[in-house]
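In: pasting the sequence and the predicted coordinates here, then a few questions.
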Amino acid sequence: MCLVNAMHITASVFINDNESGLHADYERWLEELVPFEPGSDPKQGGYLRNRTGEDNADAHHKRQIMGREVVVAITDGKLHLSPWEHIFYYEFDGKRRKRVLVKMIGE
Amino acid sequence: MCLVNAMHITASVFINDNESGLHADYERWLEELVPFEPGSDPKQGGYLRNRTGEDNADAHHKRQIMGREVVVAITDGKLHLSPWEHIFYYEFDGKRRKRVLVKMIGE
Amino acid sequence: MCLVNAMHITASVFINDNESGLHADYERWLEELVPFEPGSDPKQGGYLRNRTGEDNADAHHKRQIMGREVVVAITDGKLHLSPWEHIFYYEFDGKRRKRVLVKMIGE
């Protein structure tokens, strides 16, 4: 098996299609579900999280929808993905150097 | 450990209760969060994804909420699930032959 | 690798920051996405699930957003987490004795 996870709590690793229209749809949809808002007053659409001096509270929510990690089978020495599956790193904040952890176990 | 994942990007594998009312609730809820809409104009509720000739953009979103895979412990040679846990394959599109990958490792 | 999963279908195990403001934001956000409602008539905001005598249908939905399990790499005998990652058990119902399964494999 192969574990792939984001090493940031404002990013996701997920598996879906490699198609730019879909990725733009995800952006728009996630922004609807949990809008970026630098404010920290929940009554005005802000997040308590942003009282820590950050403005990326929305990113911590979006990452929960899209997921932190994927676990992929390895068969005959190769990632066992279906034809349209691709593994993506998705950054919701963008201010940091990106790191991903890849861990193989077993085969 | 046992990995179970959908081999389609418009389907999920998830673990929850085997109860038809709950499953109907999920259907209704997911449809609210990301409605089926064959159109491809985001201003009219459509998805850019559907410009590829598909009409299943909503399915690619629903699968992100419900998840691609589950990893289940194996103890004494059996899946280590709690009393109400059941593993489900959830198809959001429905047009394809279904495939699930099950991979055991270790015990 | 280390698997950590909730042993209840109304709870999640997830990884994010250990910060009370963020946790309060999650509560509020999840309540918006899928409000607690003991009723069982979907037309009045209830859930069919609650016809089974339960009132925790919302919890079964919230757990799908936040996830059932996490898989974490082990490197040099320690959980391989990034600096701000913490593993949380998140209870959405609250009426049961809590159980979490932790399974190590390989290293």
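Out: Ah, there it is. Predicted, not measured: the structure shown is a model, and the values here were computed from it.

In: which residues touch the nearest residue to residue A:40 once chain neighbours are set aside?
Out: Spatial nearest neighbour of residue A:40, chain neighbours left out: residue A:50 (4.0 Å); criterion: Cβ to Cβ, 6 or more residues apart in numbering or on different chains. The C-beta positions use only the backbone N, C-alpha and C, and glycine is treated the same way. If you count contacts by Cβ atoms under 8 Å, 6 or more residues apart in numbering or on different chains, residue A:50 has them with A:37, A:38, A:39, A:40, A:56, A:57, C:21.

In: kindly recompute the last result at 10 Å.
Out: With contact taken as Cβ atoms under 10 Å, 6 or more residues apart in numbering or on different chains, residue A:50 is in contact with A:37, A:38, A:39, A:40, A:41, A:56, A:57, A:58, C:21, C:22, C:25.

In: wait, which of these is closest to chain B?
Out: Set against chain B, the nearest of the contacts of residue A:50 by Cβ to the nearest Cβ is residue A:58 (16.2 Å).

In: which SS class is the residue nearest to the spatial centre of chain A?
Out: Residue closest to the average C-alpha location in chain A (Cα atoms, centre = their mean): residue A:12, at 1.7 Å. Assigned by DSSP: H, G, I helix; E, B strand; the rest coil, the conformation of residue A:12 is strand.

In: which residues does it form a beta bridge with?
Out: When bridges are called by DSSP bridges, residue A:12 pairs up with residue A:90.

In: surely it touches residue A:61?
Out: No: if you go by Cβ atoms under 10 Å, residue A:12 and residue A:61 don't touch, sitting 11.1 Å apart.

In: and for these two, which residues touch both?
Out: Each of A:30, A:92 lies in contact with both residue A:12 and residue A:61 under the rule Cβ under 10 Å, 6+ apart.

In: contact partners for the spatially closest residue to residue A:51 that is not a sequence neighbour?
Out: Nearest residue to residue A:51, sequence neighbours excluded (Cβ to Cβ, 6+ apart): residue A:40, at 4.4 Å. Contact partners of residue A:40, counting by Cβ under 10 Å, 6+ apart, are A:46-55, A:57, C:21, C:25.

In: now those residues as TSV including pLDDT and secondary structure?
Out: Shown next, in TSV, are these (pLDDT from 0 to 100; DSSP: H, G, I helix; E, B strand; the rest coil):
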residue	pLDDT	secondary structure
A:46	97	coil
A:47	98	coil
A:48	98	helix
A:49	97	helix
A:50	97	helix
A:51	97	helix
A:52	95	helix
A:53	94	coil
A:54	92	coil
A:55	95	coil
A:57	98	helix
C:21	98	helix
C:25	98	helix
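
In: most surrounded residue in those residues?
Out: Counting neighbours by other Cβ atoms under 10 Å in any protein chain shown, residue A:47 leads these with 30 neighbours.
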